[in-house]
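Asker: The sequence and its predicted three-dimensional model are supplied below.
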Amino acid sequence: MNISKEKSSIRGLEAQDVGRSLETKKKRKDPQQHKLHFHMDMELENDCAWKPKQGMTFDSEQCVYDFYNTYGERMGFGIRRDFCRKNKFTNQLICRLLVCNKEGFQKVDKRDPLAKNPRVETRTGCEARLYVKLDEGTGKFVVIDFKEKHNHDLVSPECAHMLPSQKKISTTQLDNEEQITNMFWTDAQMIMDYTQFGDVVTFDTTYKLNKKHRPFASFVEFNHHRETVIFGTTLLYDETTESFVWLFQNFLEAMSGKAPKTLFTDQDAAMAKAIPIVIPNTSHRLCTWHLMQNALKHVNCLFQDKGVKGVLNKFFFDIEDANQWKLEWAKILDKYDAHENHWLKLTFAVKEK
């Protein structure tokens, strides 16, 4: 159904509403008549409270939207706001049409035929809809028309959260002055990639620092072609345990509660404290690349004869037996008189990672 026909249909419904209103006014003295309009939190016997029905009433237009959007998530389709009408004098909303997000068809691209990459058609002319009108007597929105049938496949429940109307923007963390501190961002493709390749994740806060040394960090891993895929990104105000707890909580929420089995990070102590708080069942491991970079900063001058890599590579990659590892480590400390080196002590304490 095109837009002009849809609006004509709505006007027809409005005309019918006028007739219904006149009939209702005649019968206002009958107390039983009011029971025809039941509130959304009331459940009729042998009926589904979560499914729209003619006669349902809602306290506000936003309540209508939330109710229909929840229904859409449960059924597997997205929704959007369409036609509405407001009172000319008070500007109060008096009717609203909510439609399936596949209603209608895209308008012709104004760049056509010059457009090299025109947008792919995603709409199917679906006629599923929910139409509500304000009852001026009660101040509530009443369901006047509900069309349930769709002309396209519905998505599965596990993918419903990726529908446009179901996407949730994670809460941005603010400081005491209501200024933005931390931000986290992901999109539908990243979430889909995470469901396929998110068992092992690398979280890197050293990728890029801005002028105020605030890190732009990313959750990444490989796909089945050994290509790097990104699951989410964040801009952090600082690298405190509080910030990392906030970040991991939002990451977990965006990924429908699915925690990675293994998370690789650098040696950041605040991050190490946050991980067991939010994702206690995730195995926390240290990235060898980050370990080597830290070694170059802290003990490069200690191993001048063989170099850091020449000394530490075997501890990172070659020795598999735990007892042998400890024996070789003790020999290195003796040889370079490094028993009191602070960085080596810290690294030895987390050797299981």
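Answerer: Perfect, thanks for sending it.
Asker: what about the strands in the stretch 51-200 of the chain?
Answerer: 57-58, 79-86, 93-100, 129-135, 140-147, 173-174, 180-185, 200-209 (DSSP state E, counting those that start in this stretch).
Asker: now these in a markdown table, with mean pLDDT and distance to residue 329?
Answerer: Where you see a C-beta, it was placed from the backbone N, CA and C, and this is true even at glycine. Compiled in a markdown table, the strands of the stretch 51-200 of the chain are given as follows (pLDDT from 0 to 100; distance: least, C-beta to C-beta, whole Å):
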| stretch | mean pLDDT | distance to residue 329 |
| --- | --- | --- |
| strand 57-58 | 94 | 68 |
| strand 79-86 | 92 | 61 |
| strand 93-100 | 95 | 64 |
| strand 129-135 | 95 | 68 |
| strand 140-147 | 96 | 71 |
| strand 173-174 | 64 | 41 |
| strand 180-185 | 84 | 38 |
| strand 200-209 | 79 | 26 |
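Asker: Looking at those strands, which is nearest to residue 322?
Answerer: strand 200-209 (22.6 Å; C-beta to C-beta).
Asker: Need the residues that contact the closest one.
Answerer: If you take C-beta atoms under 8 Å, 6 or more residues apart in numbering as the criterion, strand 200-209 is touched by 215-221, 231, 236, 239, 260-266, 268, 271, 287, 290, 293.
Asker: now stretch 306-325
Answerer: With C-beta under 8 Å, 6+ apart, stretch 306-325 has contacts from 288, 291, 292, 295, 296, 299, 300, 303, 328, 329, 332, 351.
Asker: Would you mind writing the CA trace of it as CSV?
Answerer: The C-alpha trace of stretch 306-325 is given here as CSV (Å, rounded to 0.1, in the frame of the first residue of the first chain):
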residue,chain,number,x,y,z
LYS,A,306,71.6,-10.7,24.3
GLY,A,307,68.8,-8.2,24.1
VAL,A,308,65.3,-8.5,25.6
LYS,A,309,64.0,-10.7,22.9
GLY,A,310,67.0,-13.0,23.0
VAL,A,311,66.5,-13.5,26.7
LEU,A,312,62.6,-13.6,27.1
ASN,A,313,61.4,-15.2,23.9
LYS,A,314,62.0,-18.7,25.3
PHE,A,315,59.9,-17.9,28.3
PHE,A,316,57.0,-16.6,26.1
PHE,A,317,57.0,-19.3,23.4
ASP,A,318,59.4,-22.2,24.0
ILE,A,319,59.2,-23.7,27.5
GLU,A,320,56.1,-25.7,28.2
ASP,A,321,57.0,-27.5,31.4
ALA,A,322,56.2,-25.4,34.5
ASN,A,323,59.1,-26.7,36.6
GLN,A,324,61.6,-26.2,33.8
TRP,A,325,60.3,-22.7,33.3
